[in-house]
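Enquirer: Task: produce atomic coordinates for the following.
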Amino acid sequence: MSATAPITLEMPKKPNIPTAVCGMLPPALEAEILAAKLPKFRAKQLSEWVWDKFAGAYDEMTNLPKELRVLLAEELPITPLALVKTTQSGDDTRKFLFRLADGNLIESVLISAPGRLTACVSSQVGCALACSFCASGLQGLVRNLAPSEITGQIQMLQSIQKERISNIVYMGMGEPFANFDNVLESVAILNHSKCAGIGARKITISTSGLVPGILKLIRDPRQVRLSISLHAATDEIRNRIMPINQRYPIAELMRACRKYQADTGRMITFEYILLDGITCTQEQADALARLLRGIRCTVNLIPYNTVEGLPYRRPPLPAQKSFLHTLMDARVRATLRMEKGHDISAACGQLRLQNLESLPSDS
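Expert: Numbers count the residues shown, from 1 in each chain. You can find the predicted model right below:
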């Protein structure tokens, strides 16, 4: 299948997004509180309730006067998101559908594992990159998410779970580096010790190969992790399934990766989807091993997760294992990813706004 949809990264007019507690660093929240003629300590109280006590509503903030809670609920929402629907997987993965203030919808995923609670967050409504195997790009790009709409996903998930999230991956709907400034602002909030307090090394930003974003990330002082959605080892195959490769082909992408590693000293993760007979072949395995020679990295092999309406198939398990062993024999660190959330369309490449006509209009 050949991907022919154009890549359009230009954005429409910025929507009117309400100011929210979850979208502000402490100095900005203090300024907001002082502008409302409230004492400065109220900002600290708000931040503690929202980020440390996982409050999802002002009614939970019992050390604030009732009149103040009513005023703040009207003037300064905790988050610009509203929960529409939660879907539970058989493996404890959960998918959440959120409505934004302008009526658009996004999805987030919460993945539980022993000693770890990982949130997969979206950075855009839809996606412009049109990767032919991915559900998120089927609707095209609607708009970028504001920082508060990104951090709001974490705030909402923690308030629902009543538990601190340990890891964040920017691997939901959208291309994070096409929304670079807002994504990095959200990282600053989530990383701040008086906000979510999530360590930079526990935050991973994924890109499908926007080289300028990789080079800009080198200059960011926070030690966030970089993940590259590579998914093919040759331009011939990558051009077919990922149109972004026509703008930034593999050689240019790998030069950026090598510079990133040389300048930061950080390991890179490469995500690689296994499509039967296309990316999961012996030729592609050999090419990938050659491509990654000399790069300190981990390869996550992702068996294709079914998307309704797309023609791809998951390779049989022996083919998956053969691909893995080719990389391991070449001393490339690789893992075959355990499937999570496939039964609720929450796995990699499956996030997509489906069946929305059945949702109640006031939910």
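
Enquirer: what's the residue minimising distance to the centre of the chain sitting at in phi/psi?
Expert: Computing the C-alpha centroid of the chain and ranking residues by CA atoms, centre = their mean puts residue 170 first, at 2.1 Å. Main-chain dihedrals, residue 170, degrees, to the nearest 10: phi -90, psi 80.

Enquirer: where in the protein is pLDDT low?
Expert: Segments of the chain classed as low confidence (criterion: pLDDT under 70) are 1-16, 137, 338-363.

Enquirer: quick one on the thing from earlier: my read: the residue nearest to the centre of the chain touches residue 123, true?
Expert: Yes - assessed by CB atoms under 8 Å, residue 170 is found in contact with residue 123 at 5.6 Å. Using the backbone N, CA and C atoms, a C-beta is placed for each residue, glycine as well.

Enquirer: any common contacting residues for these two?
Expert: 176, 183 (CB atoms under 8 Å, 6 or more residues apart in numbering).

Enquirer: Show me where the stretch 151-300 of the chain has its helices.
Expert: 180-191, 211-218, 235-241, 250-264, 282-291 (DSSP state H, counting those that start in this stretch).

Enquirer: With distance to residue 134 and mean neighbour count added, can I get those in a markdown table?
Expert: As requested, those are arranged in a markdown table below (distance: least, CB to CB, whole Å; neighbours: other CB atoms under 10 Å):
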| stretch | distance to residue 134 | mean neighbour count |
| --- | --- | --- |
| helix 180-191 | 18 | 21 |
| helix 211-218 | 18 | 18 |
| helix 235-241 | 9 | 17 |
| helix 250-264 | 18 | 16 |
| helix 282-291 | 18 | 18 |
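
Enquirer: can you redo those as CSV with distance to residue 52?
Expert: Converted to CSV, these look like this (distance: least, CB to CB, whole Å):
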stretch, distance to residue 52
helix 180-191, 14
helix 211-218, 29
helix 235-241, 43
helix 250-264, 31
helix 282-291, 44
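
Enquirer: Tell me which of those approaches residue 105 most closely.
Expert: Nearest of these to residue 105, taken as CB to CB: helix 180-191 at 18.1 Å.

Enquirer: And the contacts of that closest one?
Expert: By CB under 8 Å, 6+ apart, helix 180-191 touches 22-25, 123, 144-147, 150-151, 154, 168, 170, 176-177, 195-200, 203, 205, 213, 216, 220, 222, 224.

Enquirer: switch the cut-off to 6 Å
Expert: 25, 123, 144, 147, 150-151, 154, 176, 195-196, 198, 200, 203, 213 (CB atoms under 6 Å, 6 or more residues apart in numbering).

Enquirer: next one: stretch 153-172
Expert: The contact list for stretch 153-172 (CB under 6 Å, 6+ apart) reads 22, 54, 56, 79, 81, 108, 110, 116-123, 176, 190, 196, 198, 202-206, 351.

Enquirer: One more: stretch 70-83?
Expert: The contact list for stretch 70-83 (CB under 6 Å, 6+ apart) reads 17-18, 20-22, 50, 58, 98-99, 101, 148-149, 152, 155-156.

Enquirer: Produce a PyMOL select command limited to the buried residues of these.
Expert: Remark: buried members of these, expressed as a PyMOL selection using 16 or more other CB atoms under 10 Å:
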select buried, resi 17+20+21+22+50+58+98+99+101+148+149+152+155+156
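
Enquirer: so residue 203 bridges to which residues?
Expert: Beta-bridge partners of residue 203, counted by DSSP bridges, are residue 168.

Enquirer: burial count for it?
Expert: Residue 203 has 21 neighbours, counted by other CB atoms under 10 Å.

Enquirer: Over to residue 197?
Expert: Residue 197: 12 surrounding residues under other CB under 10 Å.

Enquirer: State the distance from it to residue 220.
Expert: Residue 197 sits 18 Å away from residue 220, going by CB to CB, to the nearest Å.

Enquirer: and if you look at residue 318?
Expert: Distance of residue 318 to residue 220, computed by CB to CB: 42 Å.

Enquirer: Looking only at neighbour counts, state which of these two leads.
Expert: Of the pair residue 318 and residue 220, residue 220 is the one with more neighbours under other CB under 10 Å, namely 15 against 8.

Enquirer: so who does that one touch?
Expert: Taking CB under 6 Å, 6+ apart as the definition, residue 220 has no contacts.

Enquirer: measure it to residue 214 for me?
Expert: Following CB to CB, the distance that separates residue 220 from residue 214 is 11 Å.

Enquirer: Then residue 51?
Expert: The value you get for residue 51 to residue 214, if CB to CB is used, is 30 Å.

Enquirer: Kindly report the same for residue 247.
Expert: Residue 247 is 13 Å from residue 214, by CB to CB.

Enquirer: repeat for residue 277
Expert: From residue 277 to residue 214 the distance is 30 Å (CB to CB).

Enquirer: Please identify the buried residues of stretch 153-160?
Expert: Neighbour-count burial for stretch 153-160, counted by 16+ other CB under 10 Å, picks out 153, 154, 155, 156, 157, 158, 159.

Enquirer: Revised request: answer the last question for stretch 294-302.
Expert: Per 16+ other CB under 10 Å, stretch 294-302 contains these buried residues: 297, 299, 300, 301, 302.

Enquirer: And for stretch 166-177?
Expert: 167, 168, 169, 170, 171, 172, 173, 174, 175, 176, 177.

Enquirer: Next: stretch 22-40.
Expert: Neighbour counts over stretch 22-40 (16+ other CB under 10 Å) mark 22, 23, 24, 29, 30, 32, 33, 38 as buried.

Enquirer: ok, now how distant is the third one from residue 134?
Expert: This points to residue 24. Following CB to CB, the distance that separates residue 24 from residue 134 is 32 Å.
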